[in-house]
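> Show me the folded form of this:
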Amino acid sequence: MGKPAKHVFVCTQSRPPEHPRGSCAANGSADVLQEFKQQFEQRQLWGRFALTGCGCLGTCGTGPSVLIYPESVMYGGVKKGDVTAIIEEHLLGGNPVERLQLPPEIWG
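Coordinates of the predicted model:
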């Protein structure tokens, strides 16, 4: 496998329901990750792009969170239905999905 053009990270962090930061898992990140996997398979994107389920990305209150490198684009509140737009517009088209992007201030 060659170097992927982009790497997609989907937060699947789980915390107890009473935790003050919340968690992406409680907001449906497993469905988001599964939809990415299915579409990667259907569209034969494996190898061209990488996909990884990961722990906390630090944007718990806006989850499910998806981070795409090398651009360092962070998406928040991603739903299963948003995956197609991320793949078509960002991964394949090269244009981040503005309506899902978190503001640059999230980096600190």
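
> distance from the centroid: which residue in the chain tops it?
For the chain, the residue at maximal distance from the C-alpha centroid (CA atoms, centre = their mean) is E18, at 23.9 Å.

> and that one, how far is that from P103?
28 Å (CB to CB, to the nearest Å). Where you see a C-beta, it was placed from the backbone N, CA and C, and this is true even at glycine.

> what bridges to the spatially most central residue of the chain?
For the chain, the residue nearest the mean C-alpha position is V66 (2.1 Å; CA atoms, centre = their mean). Beta-bridge partners of V66, counted by DSSP bridges, are V10, Y75.

> Mind giving me the packing neighbours of the longest helix belonging to the chain?
For the chain, the helix with the greatest residue count under DSSP state H is helix 29-42. Packed against helix 29-42 by the contact rule (3 or more CB pairs under 8 Å, 6 or more residues apart in numbering; DSSP states H and E) you find strand 6-11, strand 49-54, helix 83-85.
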